[in-house]
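Chemist: all I have is the shape, not the residue letters:
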């Protein structure tokens, strides 16, 4: 049974940084692409970032390019999202997701089979 557990969210000020973590279990972590999505109150869940199996290929939403960095540690079965220069519009619940065996990192949520419960990030001005 696949489990994804996010951590690292919190309340921060504009311009601050946070690092989210997502610990995975249940299947061979290094065989699956990983992604981060976010959902603000009253809005749809949207893509944030994705990373390939080895971590050599990454993809970002335009809204976070240059500020967020996705990475993974396959030895620790963990994917990270480093968020810098946070803005109020980054406020959302952040979800990690695991894609399909051997596939490329995707931006569409339907390409991901497993999801974590989410961690809240609130950026106060």
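Modeler: Ah, there it is. Predicted model only: the values in this text are computed from it and were never measured.
Chemist: what's in contact with stretch 49-60?
Modeler: With Cβ atoms under 8 Å, 6 or more residues apart in numbering as the test, stretch 49-60 has contacts from 30-36, 48, 61, 64, 68-72, 74, 79, 81, 99, 102, 104-107. In short, each C-beta sits where N, CA and C put it, glycine included.
Chemist: just give the nearest non-adjacent residue to residue 112, would you?
Modeler: Closest residue in space to residue 112, ignoring its immediate chain neighbours: residue 97 at 3.7 Å, by Cβ to Cβ, 6 or more residues apart in numbering.
Chemist: the residue nearest in space to the middle of the chain is in what secondary structure piece?
Modeler: In the chain, the centroid-proximal residue (Cα atoms, centre = their mean) is residue 36; its distance is 2.3 Å. Assigned by DSSP states H and E, residue 36 belongs to strand 34-39.
Chemist: any idea of the mean pLDDT in that strand?
Modeler: Average pLDDT, strand 34-39: 98.
Chemist: and stretch 51-68, how far out from the chain middle?
Modeler: 10 Å (Cα atoms, centre = their mean, to the nearest Å).
Chemist: could you do stretch 82-95 as well?
Modeler: Here the centre of stretch 82-95 is set off from its chain's centre by 11 Å, with Cα atoms, centre = their mean.
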